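Visitor: Using only what follows, build the 3D model:
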Amino acid sequence: GLPPTGCEGLMTRAARLARTLRSDEKTFTSLKNPEYKGIRSKLTKAFPELADISRDPKFEIFKSNAAATVSELRVAYEFFNDVAKHCAAHSELLRAYLASIPAPAWGSPETCREPTRTFATLFSAYCRLYAFLGMIEDRKLVCATYAAASAARGGSEPTFAKVAGGCLRFFDEPVKSLVEQFSSSGKDAAAPLAALVASFAPLVQLCTGGAKGLLRRNALTVIEDNLALGAPTLTPLVPPSGGSTTQLVAGASSAAACRTLHVELLDAREACDFCVLATLACPGILAASPTALAVAKSCCCDALAIRVFRGTSLNVHSELEALGKWFPSAKKDLIKTWPKELKNLTKLFKDWSKEAVKEAGLMHRERRAYLAGELEILDGLVAACPALCAPKAPLIAAVVALSLDEAAWILRHAPSNPSALPPKHRLKHYTHEHYDEPRLAPFAGAACKLGERLRRAQATVSAYYAEFLAG
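Guide: Below is the predicted model:
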């Protein structure tokens, strides 16, 4: 079975392999030996077929070292073999979720919370795995060289055809491959994904557009009523009245009021990233629901890049603009059924890209300024009255999580990161100062300090909520 967090183990192995392949050290001599240059060229050109290299002038040298080549490349080849098996199982699991969860549950997470949340986690992990593996250089050459060395020894590699003709070719264009998987079933995949994206509307409203959503709800303000300071923080994500303050929550279920605001805020960034990845992998969600379209736009315009794994990121708008160029011609029959304003995806995604480049940096600067103020107030209150840690633990955890997320956001969007730069034709709208934060260290330090205060009070917090839940 797959772990609930997706595929962290495979991603870790992929990161190590990518680092090894980029290294100047002679870890894989067969991939860097100048005598094998002609052989490597033949193997690369023939892929996914295995080239006949027996007539190459350097074949006898290659054959004499075949055992060493097989030995040094075995771990890398077995990794890609594991990837092929994992992707098949992961894809099958996602399809099973799509088929088994009742249609109404996708738009109302309260009725089927754990399955839909697990699906979102697994879906994001699957998309990130594709994106990350597409960044590994020489992945085809590794497998082809291993198979050629096995053949030179008189043996064969029976799994090569499956690995080479299957998953490895999908990683050449990861987004296109994902679209083919999730758009091949048409509305069957788009409808549940759109409903799930739409269900994140109340949370996305709070987590995009700067600090406006948080300020409107006083979401992180602890000093509202002195008499309530000792009461537990149990604010609903959507006010009990069900009244919405913007268009984004217009389609939200009234049952969403039972979702706790500060617990939901802990997963805010993952929710936004899921909505971006769902848009890239299944553009049909844009036509399936007006609310999903609004949520997708808010999430895509909130960032130039999203996290893939550790220090790697995916350039959102480069991928969206590329998608807008090929998707309409490849899916003409599907596009015909869409609303008129969505038929020109190229223009739509260009407008999103322009808005993100111009506004995202400023919005997040405003958000960091607001969070810095709340961090200072909360830290002072908790230092003066440690007993507040227990009743206000959800609020404190949310402030810390959002602040650390903002610190990660600005690091991911640093001008020195090529993956965070907009497409070349958008550079005229790009302002470096909007993505620079000279006070990042003290900001992140304040978040860590407050988080440490909460960790030290863990026993008190646990006892408080155990008693509270016991009535």
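Visitor: and residue 29, what does it touch?
Guide: 68, 72 (C-beta atoms under 8 Å, 6 or more residues apart in numbering). (C-beta placed from N, C-alpha, C; glycine too.)
Visitor: do you know how far it is from residue 470?
Guide: 65 Å (C-beta to C-beta, to the nearest Å).
Visitor: tell me the mean pLDDT over stretch 126-137?
Guide: Stretch 126-137 shows an average pLDDT of 92 in the prediction.
Visitor: what about the closest residue to residue 350 other than its chain neighbours, how many neighbours?
Guide: Leaving aside its sequence neighbours, residue 350 sits nearest to residue 321 (C-beta to C-beta, 6 or more residues apart in numbering; 6.3 Å). Neighbours of residue 321 under the rule other C-beta atoms under 10 Å: 20.
Visitor: and residue 321, what does it touch?
Guide: Taking C-beta under 8 Å, 6+ apart, one finds 346, 349-350, 353, 423 in contact with residue 321.
Visitor: want to throw these into CSV with neighbour count and secondary structure?
Guide: Output for these, formatted as CSV (neighbours: other C-beta atoms under 10 Å; DSSP: H, G, I helix; E, B strand; the rest coil):
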residue, neighbour count, secondary structure
346, 15, helix
349, 23, helix
350, 18, helix
353, 24, helix
423, 17, coil
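Visitor: Looking at the residues you listed, which gets the smallest pLDDT?
Guide: Among the contacts of residue 321, pLDDT bottoms out at residue 423, giving 79.
Visitor: which element is the residue nearest to residue 350 on?
Guide: helix 316-330 (DSSP states H and E).
Visitor: In terms of secondary structure, what does the helix or strand of the chain with the lowest mean pLDDT contact?
Guide: Ranking every helix and strand in the chain by mean pLDDT, DSSP states H and E puts helix 103-106 at the bottom, with a mean of 77. Under the contact criterion of 3 or more C-beta pairs under 8 Å, 6 or more residues apart in numbering; DSSP states H and E, helix 103-106 touches helix 113-133, helix 187-199.
Visitor: Not counting sequence-adjacent ones, nearest residue to the residue positioned nearest the centre of the chain?
Guide: Taking C-alpha atoms, centre = their mean, the centroid of the chain lies closest to residue 273, which sits 4.7 Å from it. By the measure of C-beta to C-beta, 6+ apart, the closest residue to residue 273 outside its immediate chain neighbours is residue 306, 5.0 Å from it.
Visitor: What residues does the one you found make contact with?
Guide: 273, 276-277, 313-314, 316, 412.
Visitor: What of residue 333?
Guide: No contacts exist for residue 333 under C-beta under 8 Å, 6+ apart.
Visitor: What strand or helix carries it?
Guide: Going by DSSP H and E, residue 333 is part of helix 332-336.
Visitor: returning to that earlier point: want to throw the contacts of residue 321 into TSV with distance to residue 435?
Guide: Shown next, in TSV, are those (distance: C-beta to C-beta, whole Å):
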residue	distance to residue 435
346	26
349	21
350	21
353	15
423	16
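Visitor: now, which of those residues sits nearest residue 295?
Guide: residue 349 (15.7 Å; C-beta to C-beta).
Visitor: which ones are touching that closest one?
Guide: 317, 320-321, 323-324.
Visitor: Quick one: neighbours of residue 177, just the number.
Guide: 18.
Visitor: Hmm, residue 131 and it touching each other?
Guide: No: checked against C-beta atoms under 8 Å, the pair residue 177 and residue 131 is beyond contact range at 10.3 Å.
Visitor: Now stretch 36-48: buried residues?
Guide: 36, 39-40, 42-43, 47-48 (16 or more other C-beta atoms under 10 Å).
Visitor: what's in contact with it?
Guide: For stretch 36-48, using C-beta under 8 Å, 6+ apart, the contacting residues are 30-31, 50-51, 53, 56-59, 61-62, 140-141, 144-145, 148, 161, 164-165, 168-169.
Visitor: Which of the residues you listed fall in helices?
Guide: 59, 61-62, 140-141, 144-145, 148, 161, 164-165, 168-169 (DSSP state H).
Visitor: any idea which of the residues you listed is the one closest to residue 398?
Guide: The closest of those, once distances to residue 398 are taken by C-beta to C-beta, is residue 168, at 41.7 Å.
Visitor: residues near that closest one, how many?
Guide: 23.
Visitor: Thought residue 142 was touching it, still the case?
Guide: No: applying C-beta under 8 Å as the test, residue 168 and residue 142 come out as separate, 9.6 Å apart.
Visitor: Quickly list what's touching both of the two.
Guide: residue 80.
Visitor: before we move on, what SS does residue 306 have?
Guide: At residue 306 the chain is in strand, as set by DSSP: H, G, I helix; E, B strand; the rest coil.
Visitor: oh, I was asking about residue 422
Guide: Residue 422 - assigned by three-state DSSP - is coil.
Visitor: That one reaches residue 430, doesn't it?
Guide: Yes: using C-beta under 8 Å, residue 422 makes contact with residue 430 at a distance of 5.5 Å.
Visitor: neighbour-wise, which of these two wins?
Guide: A direct count of neighbours by other C-beta under 10 Å for residue 422 and residue 430 places residue 422 higher, at 23 against 16.
Visitor: Now do that one, the pLDDT please.
Guide: 83.
Visitor: Residue 397 now?
Guide: 94.
Visitor: Just give me the closest of the contacts of residue 306 to residue 80.
Guide: residue 314 (21.0 Å).
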